[in-house]
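Q: A predicted structure for the sequence below; I have some questions about it.
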Number of protein chains: 2
Amino acid sequence: MIVRNIEGASAFPFAETKNFAPRKLTVKMPPLDQSTIERRATIAEDLRRIVGKESVLDSESERRPYESDGLAAYRALPLLVVLPQTTAQIASILGYCHTNRIKVVPRGSGTSLSGGALPLEDAILLGTARMSRILEVDAHNRIARVQPGVPNIKVTEAVKSLGLCYMPDPSSQAIATVGGNVAENSGGVHCLKYGVTSNHVCGLEAVLITGEIIRIGGAFMGAADGEFDLASVLIGSEGLLAVVTEISVRLTPEPPVARVISLGFRSVEDASRCVGGLIASGIVPAGLEFMDRRVIDAVASMLGELHPPEVQAILLCELDGIEIEVDTLIERVGEMTKQFSPAEVRISKSDAERELLWRGRKVAFGAMGKIARDVYVTDGTIPRAQLPEILRRVDSLSKNYGLEYANCFHAGDGNLHPMVLFDSAKPGDLEKAEAFGADILRACVDLGGVLSGEHGVGIEKRDLMTYQFRAIDLSQQQYLKCAFDPQEMLNPGKVFPTHCGCVRTGRLPTGNGDPRFAGVPRF
Amino acid sequence: MIVRNIEGASAFPFAETKNFAPRKLTVKMPPLDQSTIERRATIAEDLRRIVGKESVLDSESERRPYESDGLAAYRALPLLVVLPQTTAQIASILGYCHTNRIKVVPRGSGTSLSGGALPLEDAILLGTARMSRILEVDAHNRIARVQPGVPNIKVTEAVKSLGLCYMPDPSSQAIATVGGNVAENSGGVHCLKYGVTSNHVCGLEAVLITGEIIRIGGAFMGAADGEFDLASVLIGSEGLLAVVTEISVRLTPEPPVARVISLGFRSVEDASRCVGGLIASGIVPAGLEFMDRRVIDAVASMLGELHPPEVQAILLCELDGIEIEVDTLIERVGEMTKQFSPAEVRISKSDAERELLWRGRKVAFGAMGKIARDVYVTDGTIPRAQLPEILRRVDSLSKNYGLEYANCFHAGDGNLHPMVLFDSAKPGDLEKAEAFGADILRACVDLGGVLSGEHGVGIEKRDLMTYQFRAIDLSQQQYLKCAFDPQEMLNPGKVFPTHCGCVRTGRLPTGNGDPRFAGVPRF
């Protein structure tokens, strides 16, 4: 991803990063349907009959703010922007688009970081930002029913007085919507202990491309429930299967006490070995974050020097629970990590101290954006035992490419976000950064990991999918796509490097590399 | 379910229940394919070429032990039983069946309780019992890779010395296989705190009906991973989508300390209100089980009287973690539950005392089987706040039907297992019990719950699916079926009350009640 400020929201981690000049899309996308583009005025008129005059944006200046998501290197103007307010309107819009063969790109607030909400010039952009009501809070069953456009943080704010919270906490939570979180299966600092979005959703309402409304799960919190797990399929499907119009989320009692232990190590190697040691010890921190010296320096330029110079890497380990449990765990972590000889150990004794320790982590991405001309952030996951090895490989790739990098990531999950530093004004530098990033992701897969941690595939990692998946595995995923949207009208060109092909070639998806699919057109 | 001893395994909860005399199948199944039945000898010969002579059972006496699963009221002899030992053999078998249009019913050790593994007379029964190796234990990444025929308990036994365990613990865990657990998304006493099978599987290998082998997920434990969640689709799909041939499961550190608090109440109402109160307080017990007086009496007939006569219902609440945490939690539970005026409170002070308190719960189903002529156990889930209401409705239904019942269930999950007592020797009594059970499940749905908790749909609840799901919701689930097995060769007649119809009618599934599906044949 290469990120920029979205809709002026200052809480976005890269708010300080320079804007990119618009550039031509380098990623291959589905061929444009010129006849749709020619019908723009008619389509706008038809959609206005569904959602009202003010909810369809058709002028260039109105469409411009939607030209990219958080991956601002890739931009395109949507055909139209439509901002419905009800499920019934979405059903009508999709039914209309289905009948008239118009592509649809769904979008929350556009904080996604892999181009998942990148507009298409022959597609309407369906934004859910105006569906931002919390419909119901059921404290007894600990469930909230919300519309997709509700910003993540608003759910916790709405239930805080009840002693409850909504656990998934992506860094973009002040702006990112719950609907967008569902599309990307978002995580956050606390997903190490509490799980990702899929662990906190118990019911969904969604509209199929046909305009039909399906309901999945509901207000129960139990075990198996006698249906194929459609919810898990929709969660993380990046807008390719349906438009989610209502989400029932689980509420969690707020942990009574949270404390942070900050461990400073003399080497990246020590810190990364400590992660494996900690996890293997059976302790489950609420969060376990890693920052290297380059990040510490960037943070120091904003907040002042926080750590002694011999510290080359920091682990921030949060523990939560009841007080006595947290005290004991902090003690155990301190004891257990001694073998990795930390040069500095700091433990928060109050919420204020805890926030101070977190402050560096929270401003880290913004701080990097200030010291580097441009930052390209990748996102991959590895088995945690491979952490020392992947960090060695990233370092060696950096030397090959002649590009600096910095590390700040969710160590406890094995979810890396190496930041490649480059200068987009320098010809060829961006392409080099992209190649470096792709090599890191390939290294993740080589080490038994996966292409994505929490940023999704979108268009950024689309063409790497064949590196992780065999043809048959990709095909079976595409059959799933066919089960929802066989004509590829929803968010086409994303996630899969080839057409799903169920319409064109009978039932046969067009996985890569498989001789059965030879001759089938790719994007 | 109406259960009986399976393959002589005495650990099965209903081991003591009387055997049922074979009876004609009352459930409507897909029409028999006579031409397949006529080819039995040829098919046996062909399959022997794949798996070897000893691994195909064709005589009636060899097929007889496979005539039912745990739902012994429904029985049929399979065409053949085939017991492969490798993934390659399963791929060859399915490829062969696909080419020759032979139906396949997959089976673990047959402990399923809703007829999910009920054989069909024109289908081969594919048993995975001989694929029972633990392939790899990766303590560092806390993952075990196992074959589907490994009994659940064997996983924990294999990793116990490492301080680890495999958390899902269905009551049948001594016999039930991990592959079968995946098919049913099994829970267990501890799923309240630790989740069900889907929360503990991180990778799968499975064979499609075409004989193609797909691999999903793998040896990582992270957040989103850049693919549609095929694993969640396969988990709980009751053998309708693919045959799982390898499972990577998460291993969990064994909780250092576990203690039980047993609470005896003067009324079912008090006990069921206490469940809601406990959960609402934010305490997450490792298990929270409910037994009523009828169960207590049945247990007393085996173990002697364990509770004073004024106790009408027992809650067993297990708390685990580090010692100091457990001590504090026990204290809080004791304090918190005082408002429901328990008549008896007992707290385990040692593992021996803990096992004593659990003993009653563990023998409960067997004990009921001893005092009643026959027991019909249902399985549904409700939001926990509705526990007092559903128990009132069960009681009132019992009066309407003139049949006694008993309650022993996973209260913390809202997962009910009311046991209906009847006498199969009395004409019409079984049918009455079945109707009573179905009414209980309908009441669960009416109260915002679902048809199943952990026993699956199988054939038992198949025809109730339209009570829980609207036509469009069932259709979308059937599209998913089409994405894997469009010709309905895998476990046909189970889960869905109608054909999925994607072959017969183009892409259109045949949901019930929807006028678009009028005239499409049902089973």
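A: Looks like it came in fine. Bear in mind that the values here come from a model prediction, so they are computed numbers and not experimental data. Numbers count the residues shown, from 1 in each chain, chains lettered A, B, ... in the order given.
Q: does residue A:436 sit in a helix, a strand or a coil?
A: helix (DSSP: H, G, I helix; E, B strand; the rest coil).
Q: I'd like the distance between the residue nearest to it when sequence neighbours are not counted and residue A:468.
A: What sits nearest to residue A:436 in space, not counting adjacent residues and going by Cβ to Cβ, 6 or more residues apart in numbering or on different chains, is residue A:401, at 4.5 Å. To be clear about C-beta, it is placed using only N, CA and C from the backbone, and glycine gets the same treatment. Counting by Cβ to Cβ, to the nearest Å, the separation of residue A:401 from residue A:468 is 22 Å.
Q: Mind checking which of these two has more residues around it?
A: Applying other Cβ atoms under 10 Å in any protein chain shown to residue A:401 and residue A:468 shows that residue A:468 carries more neighbours, namely 23 against 17.
Q: Please give me every residue in contact with that one.
A: Contact analysis of residue A:468 by Cβ atoms under 8 Å, 6 or more residues apart in numbering or on different chains lists A:445, A:450-451, B:226-227.
Q: switch to 10 Å and redo it
A: A:380, A:441-442, A:444-445, A:449-452, A:457, A:461, A:474, B:218, B:225-227 (Cβ atoms under 10 Å, 6 or more residues apart in numbering or on different chains).
Q: which of those residues lies closest to residue A:152?
A: Checking these against residue A:152 with Cβ to Cβ, the nearest one is residue A:452 at 19.1 Å.
Q: Secondary structure element holding the closest one?
A: Using DSSP states H and E, residue A:452 sits within no helix or strand.
Q: is it true that it touches residue A:112?
A: No - counting by Cβ atoms under 10 Å, residue A:452 stays clear of residue A:112, with 11.6 Å between them.
Q: Residue A:130 is in contact with residue A:83, isn't it?
A: Yes - between residue A:130 and residue A:83 there is a contact at 4.9 Å, judged by Cβ under 10 Å.
Q: The helix or strand containing residue A:432: which residues count as buried?
A: In the assignment (DSSP H and E), residue A:432 maps to helix A:429-446. For helix A:429-446, the neighbour count (16 or more other Cβ atoms under 10 Å in any protein chain shown) marks A:429-430, A:432-434, A:436-445 as buried.
Q: For it, enumerate the helices and strands it packs against.
A: Secondary-structure packing of helix A:429-446 (3 or more Cβ pairs under 10 Å, 6 or more residues apart in numbering or on different chains; DSSP states H and E): strand A:374-377, strand A:380-381, helix A:387-401, strand A:405-406, strand A:415-416, strand A:419-422, helix A:465-468.
Q: Now distance to residue B:43 too, for these, in CSV please.
A: Below are the helices and strands packed on helix A:429-446 laid out as CSV (distance: least, Cβ to Cβ, whole Å):
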stretch, distance to residue B:43
strand A:374-377, 57
strand A:380-381, 45
helix A:387-401, 50
strand A:405-406, 60
strand A:415-416, 49
strand A:419-422, 59
helix A:465-468, 38
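Q: now those as CSV including mean pLDDT?
A: Shown next, in CSV, are the helices and strands packed on helix A:429-446 (pLDDT from 0 to 100):
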stretch, mean pLDDT
strand A:374-377, 86
strand A:380-381, 92
helix A:387-401, 96
strand A:405-406, 96
strand A:415-416, 92
strand A:419-422, 92
helix A:465-468, 90
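Q: Pick the most deeply packed of these.
A: Highest mean neighbour count of the helices and strands packed on helix A:429-446: strand A:380-381, a mean of 31 (counted as mean count of other Cβ atoms under 10 Å in any protein chain shown).
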